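Enquirer: Below are the sequence and a predicted model; questions follow.
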Amino acid sequence: MPTVRLEITATPSHVRTARLVATAAARRCGVDPGVLDEIRLAVGEACTRAVGLHRQHVPDESVVLLLSDDADFTVTVLDAAPVGFEPGPLDVIQLLEQPEESFDTLPDAFGLTVIAGLVEDLKITPRDDGPGTQVVMSWPVRFGGPPATPI
């Protein structure tokens, strides 16, 4: 599958569309059906985070999803918000050590922590092409590629 590009406006209802497209693409690529729920949840969290940042900072900009299966099934969620979470190696641990009452001030970090619990191969970096963050999530494709299409 070549890379599929999906742009959604900063509207919470479009997160559902992104989840459905990512899950359908993963199934088509041959990802183990047992991880489809994890993909749906992780993509939903990444898109919800990006939509929230866009609504607050750049409401007229689109959130971009890139779906590909070069070696693994990979979903990249790009936001264009001028602020964002810049992760370091201890950020998840530091978040979990925060007092419970501080969670109200950490929605961005919390969403990324949820994603980290769902995705083994996760990279969160600032975008190279401008402001914003890119969240790259990968899952292995089953040996032998996608399932055979019934006749």
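Expert: Yep, it's here. Numbering: from 1, shown residues only.

Enquirer: pull the longest helix from the protein.
Expert: Ranked by residue count and defined by DSSP state H, the top helix of the chain is helix 36-57.

Enquirer: From the contact counts, what lies against it?
Expert: Secondary-structure packing of helix 36-57 (3 or more CB pairs under 8 Å, 6 or more residues apart in numbering; DSSP states H and E): helix 13-29, strand 63-68, strand 72-78, helix 107-118, strand 133-140. (C-beta placed from N, C-alpha, C; glycine too.)

Enquirer: for Val58, what are its contacts?
Expert: Ala10, Ala80, Ala81, Pro82 (CB atoms under 8 Å, 6 or more residues apart in numbering).

Enquirer: gap between it and His14?
Expert: From Val58 over to His14 the distance is 15 Å, taken as CB to CB, to the nearest Å.

Enquirer: burial of the closest residue to Leu36 other than its chain neighbours, as a residue count?
Expert: The shortest distance from Leu36 to any non-neighbouring residue, by CB to CB, 6 or more residues apart in numbering, is to Thr23 (5.6 Å). The local packing of Thr23 (other CB atoms under 10 Å) involves 17 other residues.

Enquirer: Report the contact partners of Thr23.
Expert: Here Thr23 is in contact with Leu36, Ile39, Arg40, Val43 (CB under 8 Å, 6+ apart).

Enquirer: ok so, going back, I'd like to know which of the helices and strands packed on helix 36-57 lies nearest to Gly52.
Expert: Shortest distance between Gly52 and the helices and strands packed on helix 36-57, using CB to CB, is found for helix 107-118: 7.1 Å.
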